[in-house]
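[1] what would the 3D arrangement of this be:
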Amino acid sequence: MGTVLAALHASPFRPATEWTAQANAEAVMTAAADLMPLDADLATRAQALATPLAARLAGTAFDPVLVHGDFSADQVVMGDVAPVILDWDNVGLGDPARDLGSFLARMDAQVIDGLLTQDQADDRGAALPQGYGTVPTSMALHHARALMLLLTEGFRNRHPDWSARTQKMMVRIEQVLGTMTTHHASGMRGS
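    Numbering: from 1, shown residues only. The predicted structure follows:
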């Protein structure tokens, strides 16, 4: 799948829709605000995560490429020759990290929902970038962005434990952001 995704990102096709750095930032702020009518405490916590994430996303520079927009394993079927990507309703020009982060966030959601074990998600999450090649430096930011966009999914899908699911998503966002800080700090120490 990583190889097919890399080929998609290398395509010369340029759709009219563009996922700008500012649009990515606004999306995480909207995701946090969407929790307010559902649970004020969760919304406050989400806002605390969204604000610094939005600032970092808004400052991310990238060369826009053709992106799927909400790439995940369930958007791919295995063809006779190669995987085939489906569901193009969020296609646009954007940061290639958007698709990689979306894939990782969906793996996280499937672990939270008990559909995958953590080991399965880790294996799949590691295999995608290996097949992809050079991973954009903003992948972790987009992983956290995609998780933010999944915060209200449990409520929308009428999970009886949607609040607990949302809390687990936020813990995962904190972990992803913490990993970014750790990698950034260790990279600076090695400079």
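[2] ranges for the strands of the protein?
    Taking DSSP state E to define them, one finds strands in the chain at 65-67, 76-78, 83-85, 92-94.
[3] dump those into CSV; add mean neighbour count and mean pLDDT as well.
    For the C-beta atoms, the positions are set from N, CA and C on the backbone; glycine is no exception. Output for the strands of the chain, formatted as CSV (neighbours: other C-beta atoms under 10 Å; pLDDT from 0 to 100):
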stretch, mean neighbour count, mean pLDDT
strand 65-67, 22, 97
strand 76-78, 12, 92
strand 83-85, 16, 91
strand 92-94, 21, 97
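[4] quick one, what contacts Asp89?
    Contact analysis of Asp89 by C-beta atoms under 8 Å, 6 or more residues apart in numbering lists Gly69.
[5] that older thread, tabulate the strands of the chain (a markdown table), appending distance to Gly133.
    Below are those laid out as a markdown table (distance: least, C-beta to C-beta, whole Å):
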| stretch | distance to Gly133 |
| --- | --- |
| strand 65-67 | 13 |
| strand 76-78 | 17 |
| strand 83-85 | 16 |
| strand 92-94 | 18 |
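[6] which of those strands sits closest to Asp113?
    strand 76-78 (18.9 Å; C-beta to C-beta).
[7] which residues are contacting that closest one?
    For strand 76-78, the surrounding residues in contact (C-beta under 8 Å, 6+ apart) are 1, 4, 83-86.
[8] make it 10 Å
    With C-beta atoms under 10 Å, 6 or more residues apart in numbering as the contact definition, strand 76-78 has outside contacts at 1, 4-5, 68, 82-87, 103.
[9] can you tell me which of the strands of the chain comes nearest to Glu18?
    strand 92-94 (4.6 Å).
[10] pLDDT of stretch 12-32, averaged?
    Taken as a whole, stretch 12-32 has a mean pLDDT of 96.
[11] which parts of that stretch are buried?
    Across stretch 12-32, burial judged by 16 or more other C-beta atoms under 10 Å covers 19-21, 24-25, 27-29, 31-32.
[12] stretch 149-162 too?
    Neighbour counts over stretch 149-162 (16+ other C-beta under 10 Å) mark 149-152, 154-155, 162 as buried.
[13] just curious, which of those residues is nearest to Ala50?
    Leu151 (9.3 Å).
[14] same list, the contacts of strand 76-78, but as TSV with distance to Leu53 please.
    Converted to TSV, the contacts of strand 76-78 look like this (distance: C-beta to C-beta, whole Å):
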residue	distance to Leu53
Met1	26
Val4	28
Leu5	23
His68	21
Ala82	34
Pro83	30
Val84	32
Ile85	27
Leu86	29
Asp87	25
Phe103	18
